[in-house]
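> Dropping a prediction and its sequence here:
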Amino acid sequence: MKVLVTGLFEMAALHAIRRFGQMGFEVHVAEGHRLAFSAFSKYVSKRIRVPNMRYHPADYTKRIVELLETGNYDYYFPSYEEIIPMSRYRDRIMSVTKTVMDPTDVLMQMHDKKQLEELAHEIGIDSPKTLYPQSSDEAREIIKTVDLPVVIKMRKTSGAAGFRKIYDRAHFEKSYFEVVNNNKLPETDLPMIQQLVEGPTTCTLHMCNQGAVVGEVLYQGLRTMPRTGGTTVFRESVEDKASEEAAAKIIKHLNFSGLCGFDFILDKHTGRPFWVDGNCRATPAITMAYYGGTDLVEAWVRVANGEATPAMPPTKIGTRTKLQFADFVWLLESYMGSFKDWKGEHQLRKQWWAEKDYYYDIHSFSDPMPNIMIWFYIVTNCYKLIFTKFDSAQLFIFHNQYVEQ
């Protein structure tokens, strides 16, 4: 059995590659950047260089379709946002190989925060009050009058790219247009301004089959990067029935098939979950689910095969996973933060060094090259963070991120 995996800057791709290899598959990978770390796993039989999706999306999708139509692949596993442009060729792809891929309009309802917010309201799921400026002038008026605190978020992004928390109006306009300019956003796609709900965030990842959840994991971030809120770099699986039920309502309404996830903030006063984000793809939590007893890659294969998919046992509560390199950066920032709060940062560092009983997203002594390559990629791309206005949250997802042309 032979599988093609794409989206190789995503940790979920590496997990999928390792699981496919362990299950006996011949694993081929395709990517538009020579340093995509997942491509260097020992389980990869063949690496294929294709046009870079971020810079040449039409050429990228054309080449992937060609590979699938001529490569005799049994399965195609898109790991990240390339699933959106690839879904435009869904019929051609599914005529030559097995995959799990919903139509483009369904995926966009997950990917576009405005569309998903409208859906949440339609089916009775709470979400924070959100404003969508239609012009820069309108954004400036909102900035002057909206009640604080708020968050600035791009409508179609992931990995906390462009995410800013705003408590002080004095720096609000500067922060807003910094996101616009750094990400080259047009007037038709300006960042949204959303009421900040205070409380812990529950994130979810689900494997779905025609609107039913086959397997899932819910987790909360113990640490994030940036430290003010963003991508979870150390996380723990939890039980959260309210968020689980809200996610299931969205999945059922869309009749969704495939991997998807949501973020809910639990209001610290009421405990009610407020939907704040959604993804129409796998996330790094796929590794947590596996170590917690829920193999979502194996479930994906069964759905792709059209097999019966009874609900899997719940993921073990308390399973922890760590994104090692990013959590190490968190530690370095703690040392630098000691000048402002020595006692508090010292306590956080003591906890960091004492932690045990967790699994890594990337690091593996039996499959070391992906970890080596990610550090090589960091070293060779540090100049972007030091000398340009490049958003650090996009350092890895940049090349696999879907940007509408």
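Nice, I can see it. Note that this is a predicted model, so its numbers are computed, not measured.
> Export only the CA atoms of stretch 137-154, formatted as CSV.
Once non-C-alpha atoms are left out, stretch 137-154 reads as follows in CSV (Å, rounded to 0.1, in the frame of the first residue of the first chain):
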residue,chain,number,x,y,z
ASP,A,137,-11.5,54.1,7.7
GLU,A,138,-14.2,52.0,9.3
ALA,A,139,-11.5,50.1,11.2
ARG,A,140,-10.2,53.4,12.6
GLU,A,141,-13.7,54.4,13.8
ILE,A,142,-14.2,51.0,15.5
ILE,A,143,-10.8,51.4,17.1
LYS,A,144,-11.8,54.7,18.6
THR,A,145,-15.1,53.5,20.1
VAL,A,146,-15.2,49.7,20.7
ASP,A,147,-15.2,48.5,24.3
LEU,A,148,-11.9,47.0,25.5
PRO,A,149,-10.4,44.5,25.9
VAL,A,150,-10.5,42.9,22.4
VAL,A,151,-8.4,40.7,20.2
ILE,A,152,-7.2,41.4,16.6
LYS,A,153,-7.5,38.3,14.4
MET,A,154,-7.1,37.6,10.7
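> which residues touch that stretch?
Stretch 137-154 has contacts (CB atoms under 8 Å, 6 or more residues apart in numbering) with 113, 131, 133, 161-169, 172-173, 175-176, 179, 183, 185, 189-196. In short, each C-beta sits where N, CA and C put it, glycine included.
> Just the element for Asn269, please.
In this structure residue 269 is His, not Asn. His269 is part of no helix or strand when elements are defined by DSSP states H and E.
> Equivalent analysis for Val179, please.
helix 172-182.
> helices or strands up against that helix?
helix 136-145, strand 150-153, strand 164-166 (3 or more CB pairs under 8 Å, 6 or more residues apart in numbering; DSSP states H and E).
> Now do the buried residues in the last one.
Judged by neighbour count using 16 or more other CB atoms under 10 Å, the buried positions of strand 164-166 are 164, 166.
> and that strand, which strands flank it?
With DSSP bridges as the test, strand 164-166 is paired with strand 150-153 (antiparallel).
> any idea of the mean pLDDT in the strand it pairs with?
For strand 150-153, mean pLDDT is 92.
> and that strand, how far out from the chain's middle?
The chain centroid and the centroid of strand 150-153 are separated by 18 Å, computed with CA atoms, centre = their mean, to the nearest Å.
> I'd guess Leu4 is in a helix, am I close?
No - assigned with DSSP: H, G, I helix; E, B strand; the rest coil, Leu4 falls outside any helix and is strand.
> Please name the bridge partners of it.
Beta-bridge partners for Leu4, by DSSP bridges, are His28, Tyr76.
> what about the helices in this protein?
Taking DSSP state H as the criterion, the chain contains helices spanning 11-22, 57-70, 83-86, 90-94, 104-111, 113-122, 136-145, 172-182, 241-254, 285-291, 296-305, 324-337, 342-354, 369-387.
> And the ones you listed: which comes nearest Leu218?
helix 241-254 (6.0 Å; CB to CB).
> Give me the contacts around the closest one.
Contacts for helix 241-254 (CB under 8 Å, 6+ apart): 102, 106, 109-110, 116, 119-120, 122-125, 202, 204, 206, 208, 211-213, 216, 218, 256, 260, 262, 264, 266, 271-273, 275, 278.
> got it, and stretch 217-237?
159-160, 163, 165, 200-205, 238-240, 243-244, 284-285, 288-289, 292, 294, 296, 315-323, 326-327, 329-330, 333, 355, 358, 392-393.
> Would you list the buried entries among those?
159-160, 163, 201-205, 238, 240, 243-244, 284-285, 288-289, 292, 294, 296, 315, 319-323, 326-327, 329-330, 358, 393.
> Can you give me every residue that contacts Asn209?
257, 303, 309.
> Out of those, show me where the pLDDT dips lowest.
Comparing the contacts of Asn209 by pLDDT, Thr309 comes last, at 90.
> That one against Arg302, yeah?
Yes - between Thr309 and Arg302 there is a contact under CB atoms under 8 Å: 5.4 Å.
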